[in-house]
Each structure stands twice: as structure tokens, then as C-alpha cells.
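K.L.:
Give the three-dimensional model of this entry:
(one chain, ligands or ions: 2)
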Amino acid sequence: LVLQREESESEIRRRGGRTGRSVQDYLDRDSRPVPEVLRRQSHDDSLGLGDIDRTQYFSPQFHELEMERMWSRVWQMACHQDEIPNIGDATVYDIGDWSIIVVRVGSAEFKAFYNTCPHRGTRLCSEPGTYREFRCPYHAWTWTIDGKLKNIPCRWDFPQLDGDEVPLPEVHVDTWGGFVFVNFDPNAAPFSEYLGALPEHYDRWPLEDRPGSMWVGKEVACNWKGGIGAFVEGWHVVGVHPQLISFNGDGDGQYDTWPGQPNISRYIFPAAVPGTHLNYDISEQDVADEFAQCAAYFDVSLGDSWHVPEGELARTVVAARMRDMLGPAALDLDALTDSEVLDGIQYYLFPNFVPYGGVGTSLAYRFRPLGHDPNRCLFEVYVLGLQARPEPGAATRLEMRFLSDGEHFCDVKEFGVLGEVLDQDVHTLELSQLGVRSRTSRPGLKFSKYQESRLRHLHRTLDSYLGS
Ligand code: FES
Ligand SMILES: [Fe+2]
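P.N.:
Numbers count the residues shown, from 1 in each chain. Ligands and ions are numbered 1, 2, ... in the order given. The predicted structure is shown next:
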């Protein structure tokens, strides 16, 4: 079966000018009933077509404005709950001049404190670990793990504290999908409001049930928005990841932004389909074979089971193999449709969290600026398991593997071919940052209307904070 890549003018117009096959066309041929959430399509037309000011990617003044007006007021992902699986486990979330202690104080209860001593300001907690109490390393003021003052040596010398219990100052903390989020704004709106429609989208893929199985971090020489920008669109595959083009619909992704949902966006990126920019005909069998050879971080054995019968789509066959490879899982994989086990169904929660839905891609990303340098960010990849999470107490602590200078994602053998893909992204991001800082007579960046709508959406949400 050779796929016909030509399309009529009218068909292209029907898709708003996009060429290729739409995600919805592929869903029509899925082997299971397609959930309504994947049938939703939305483009917020008010995002417009304007240029983006390139200085936003490197100006120290802009960076400080982001810190003062945005990072100070948003819900941001601070850790995965498996980083602190037992009561008393604490970790540190740093961003800009903030350092926050996140501690588990109950089986499903967390608290977050400013990581600075009320006495003379010393950093209280420097590394993740299990704590019976928080004790300042300077003059030994001590608090319980839930922030109540336990002891001040020479208390008699602080008469001004009479009757004042000096608790550790708290910041708002909440959880969703197995991750812990913080907000430094005392007047922050509830997290549930901030999340908008996101939890409802995940009804079929409960993220909170999935254990954190791997966590890898790397410093990247780019602005944090550039980092997000390379992951919320997939159409750079033709330029950056040509090895993926024979089984990913690089130009056929569906990009959703919803009016009235300032904090979330989504793409659905079709897998096990011929690439939009392939310049040669490819059979459905070839697509399945290419997918099999490249299947990221799975132990794939090639064989007859990848055979695509005449008249069938590679997607159907590959989805069946994915169900075999992913199982046994806590989720009923047989109830999930092909798209849910195959496609990149990816969400973005402004500003720092990029989790996948479905079960085909078991990842979540986080990007955040490092210190006061707009040209550097920390990029982290969380891999989530599909087995049931062990009870708290039985779980081992999820620890970050930090890739130092000279180490690459492909050095993490568990990533399989994904490692190379991530390294390609990092390389491109650093080139992009170099270029965006270079002087030019053209200050504006020209984002695309549709495939970069999620990046336009990020900028608009950011603007809404900076303008006020
Ligand atoms: S600075 Fe913390 S006890 Fe003195
Ligand atoms: Fe990429």
C-alpha cells in the first residue's frame, strides 16, 4: 500500500491551510472508541500574527521583570511527590532569588517554607534528605518539620519575641498529578482555578497514580522560554530530528489553545504515520518497521508481529504492539484507543511544566531560569512508570541524575533513542539562543500562526503578568 501524499486544494483549505492529514482523520481510523477529550480542537484566534520582541529572550531587565511580576505570582511545579516519599522527606526548589523547602508532613500532605532563617537569614536546608526537624546551621534555631518553632538557644536574649512563636514562613503548596506546586503570592488564586480544564483532560490517564521512575537534569545555555518553545511544537522535526520523519506526522500535529484558558495548551502529535515532509513514498509496512527500530526506551524485538496486513494502517499494528510492550500496567491499556498509546499528547501548564497525557510518551518536562542569567536554564526530564505506585514508605526516593558539562542525554542508556533526540534539541536551543542575541536590523521574531500558537499563548500569558 503506497500512501497518496497529494491533496486537493479544497481539502487543504478545509484544514485552515494546513497540508497533510489531520490528527482527527487518523482518530477516525483508530481501533477503539475515541474519547471526547481527543476530539476537542480549539485555536484562540485572538493570539494574532504579531512579531515577538527578541530581547525578551536575553535582556536582564526583562528577566528581572519576569521574576518580580510573574514567577512571584504563579503556581509552579516544585517537585514530584516521589522525590519526598516518606514523612519528613524534604527537597529544595530554587528559582531566581527564591529558595523553598518542600516537605512531606503526612501521607498525602505537603508544606512549603521559605528556605531562610528568620534570625540572620542563613539557608536552612541545602539538600534533599529525611529530616526530623529543621535546624539552622548557624545558631541552631530549630523548627518541627511542619514549621513550628521548637527551640531558640539563649531565648532570654530575644525579649522582643515574647509570645511570638516564630514559625517558618510558609508559601502556598498544592498537588496535582503526583507533582507538588508552590506559589509565593500570599493572595494567590486557588490552584484548582489556575489549572483550569487540565484535570478534566486527564480523567482517563490519572497522572497521580504513576510513579516517578527516572529524573534527569541538564543546564542548557538558552532562555527558559526558548526551552519550552522547542518542546511545545513538533514541526521542527524535519529540521532537527530527520531520523524521526519516517514515522511521525511532523507537519500534521494538532495544536490547541482555548480562549479563557490562559494557563494550558496542548498538542497531539501523530505517531506511526508517514512524515508530512517525506519526499518519497513510503508503505505502511515501512512506517511500522521504522517505528519498531526507533521505539524509544523500550526493549523491542522485531518480528512478524509488526506485519501490516494489506489495506491496514501501520498505526493499528504499532498500537497493538505498544499495548503489549507497555503492559502489564495499572491502567487498562486495552480500553485505550490507538492515539492514547501512540501519539504525543502533550500539555503545557504555564510557566514551567510540560506533562504528557495518554501513555505513549511517559514523560514530563520542566524548564526554569537559573539565577539571574536569562541565557541559562535548567531542563529536567521526568520519566513516569505505568505500574501502580508503591505505598508511601515503601517507595525509594526519586533522585536527579544531573548531566554535567560534557555529559549528554544519550549517555543515559535508559533513554534509548530518545537521548539522541533530546541532545539534538539541546544543541539547537543553544544555537537559537546565540542567534537571538546577535545584533540584527530585525528585532521581531516571526512565530507561525498555528503550529507555534502554544508559544504565542505562553507569551500572551506572560504579558498578562508583566503588564500589571
Ligand atoms: S542565622 Fe539561623 S539561627 Fe542564627
Ligand atoms: Fe525536538
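
K.L.:
Please count neighbours and contacts with C-alpha atoms only from this point.
P.N.:
OK.

K.L.:
What is the top strand by length along the chain packed up against?
P.N.:
Of all the segments of type strand in the chain, defined by DSSP state E, the longest one is strand 373-384. Under the contact definition 3 or more CA pairs under 8 Å, 6 or more residues apart in numbering; DSSP states H and E, strand 373-384 sits against helix 60-65, strand 212-220, helix 224-231, strand 363-370.

K.L.:
try 6 Å
P.N.:
Contacts defined by 3 or more CA pairs under 6 Å, 6 or more residues apart in numbering; DSSP states H and E place strand 373-384 against strand 212-220, strand 363-370.

K.L.:
Out of those, the one nearest ligand 1 is which?
P.N.:
Shortest separation from ligand 1 across those is recorded for strand 363-370, at 25.0 Å, computed as CA to the nearest ligand atom.

K.L.:
Can you give the contact residues for that closest one?
P.N.:
If you take CA atoms under 6 Å, 6 or more residues apart in numbering as the criterion, strand 363-370 is touched by 224, 352-356, 376-384.

K.L.:
Only whichever of those residues are buried, select them in PyMOL.
P.N.:
Typed into PyMOL, the line below selects the buried ones among the contacts of strand 363-370, using 16 or more other CA atoms under 10 Å:
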select buried, resi 224+352+353+354+355+356+376+377+378+379+380+381+382+383+384
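
K.L.:
Show me which pair in the contacts of strand 363-370 is furthest apart.
P.N.:
Maximum pairwise distance among those (CA to CA): 26.0 Å, between Arg376 and Leu384.

K.L.:
just how off-centre is stretch 26-34 within its chain?
P.N.:
Centroid displacement of stretch 26-34 relative to its chain, using CA atoms, centre = their mean, to the nearest Å, is 26 Å.

K.L.:
Using CSV, list the CA coordinates for it.
P.N.:
As requested, the backbone C-alpha atoms of stretch 26-34 are provided in CSV (Å, rounded to 0.1, in the frame of the first residue of the first chain):
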residue,chain,number,x,y,z
TYR,A,26,-6.2,9.4,12.0
LEU,A,27,-8.6,9.2,15.0
ASP,A,28,-11.4,8.3,12.6
ARG,A,29,-9.5,5.1,11.8
ASP,A,30,-8.5,4.2,15.4
SER,A,31,-9.3,0.6,16.5
ARG,A,32,-11.2,1.7,19.7
PRO,A,33,-13.8,4.3,20.5
VAL,A,34,-12.1,7.7,20.7
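
K.L.:
Please work out which of the helices and strands packed on strand 373-384 is packed deepest.
P.N.:
Comparing the helices and strands packed on strand 373-384 by mean neighbour count (mean count of other CA atoms under 10 Å), strand 363-370 ranks first with a mean of 23.

K.L.:
tell me the angle that strand makes with helix 224-231.
P.N.:
160 degrees (axes from the mean of the first three to the mean of the last three CA atoms, to 10 degrees).

K.L.:
tell me the contacts of Phe181?
P.N.:
Residues touching Phe181, when contacts are defined by CA under 6 Å, 6+ apart, comprise Gln76, Met77, Ala78, Val173, Asp174, Thr175.

K.L.:
Drop anything exposed from those residues.
P.N.:
Judged by neighbour count, with 16+ other CA under 10 Å as the criterion, the buried members of the contacts of Phe181 are Gln76, Met77, Ala78, Val173, Asp174, Thr175.

K.L.:
The last one: what secondary structure?
P.N.:
Three-state call for Thr175 (DSSP: H, G, I helix; E, B strand; the rest coil): strand.

K.L.:
Quick check: phi and psi at the residue nearest to it when sequence neighbours are not counted.
P.N.:
In this structure, Thr175 finds its nearest non-sequential neighbour in Phe181, 5.8 Å apart by CA to CA, 6 or more residues apart in numbering. When quoted as degrees, to the nearest 10, the phi and psi of Phe181 stand at phi -120, psi 150.

K.L.:
Endpoint to endpoint, stretch 107-120 covers what distance?
P.N.:
The first residue of stretch 107-120 is 33 Å away from its last residue (CA to CA, to the nearest Å).

K.L.:
circling back: check what contacts the longest strand of the chain and list those residues.
P.N.:
When contacts are defined by CA under 6 Å, 6+ apart, strand 373-384 is touched by residues 58, 63, 210-224, 362-370.

K.L.:
cutoff 8 Å now
P.N.:
With CA atoms under 8 Å, 6 or more residues apart in numbering as the contact definition, strand 373-384 has outside contacts at 57-60, 63, 210-224, 227, 362-370, 433.

K.L.:
ok, now stretch 336-351?
P.N.:
Residues from elsewhere that reach stretch 336-351, judged by CA under 8 Å, 6+ apart: 27, 30-35, 74, 76, 195, 232, 263-272, 315-316, 318-320, 322-323, 333, 354-361, 458, 461.

K.L.:
go with 7 Å
P.N.:
For stretch 336-351, the surrounding residues in contact (CA atoms under 7 Å, 6 or more residues apart in numbering) are 27, 30-34, 76, 263-271, 316, 319, 322-323, 354-361, 458.

K.L.:
which parts of the protein sit against ligand 1?
P.N.:
Cys117, His119, Arg120, Gly121, Thr122, Cys136, Tyr138, His139, Ala140, Trp141 (CA under 6 Å from any ligand atom).

K.L.:
Without its sequence neighbours, what residue ends up closest to the closest residue to ligand 1 within the stretch 351-468 of the chain?
P.N.:
When scored by CA to the nearest ligand atom, the stretch 351-468 of the chain has Gly371 as its residue closest to ligand 1, at 22.5 Å. Counting by CA to CA, 6+ apart, Gly371 lies nearest to Gly96, which is 4.4 Å off, once chain neighbours are set aside.

K.L.:
Run a quick neighbour tally on that neighbour.
P.N.:
18 (other CA atoms under 10 Å).

K.L.:
mind checking how far it is from Pro351?
P.N.:
The span separating Gly96 from Pro351 equals 14 Å under the rule CA to CA.

K.L.:
what's the answer for Gly385, then?
P.N.:
In this structure, Gly385 lies at 24 Å from Pro351, with CA to CA as the measure.

K.L.:
higher neighbour count, the two?
P.N.:
The neighbour comparison of Gly385 against Pro351 (other CA under 10 Å) goes to Pro351, with 23 against 20.

K.L.:
Would you confirm that that one belongs to a strand?
P.N.:
No - checked against three-state DSSP, Pro351 lies outside a strand; its state is coil.

K.L.:
so what pLDDT did the residue nearest to Gly371 get?
P.N.:
In the predicted model, Gly96 carries a pLDDT score of 95.

K.L.:
So what pairs up with Ser265 in the strands?
P.N.:
Beta-bridge partners recorded for Ser265 (DSSP bridges): Thr257, Tyr348.

K.L.:
and the gap between it and ligand 1?
P.N.:
43 Å (CA to the nearest ligand atom, to the nearest Å).

K.L.:
Provide a list of residues in contact with that residue.
P.N.:
Ser265 sits next to Asp256, Thr257, Tyr347, Tyr348, Arg454 when contact means CA under 7 Å, 6+ apart.
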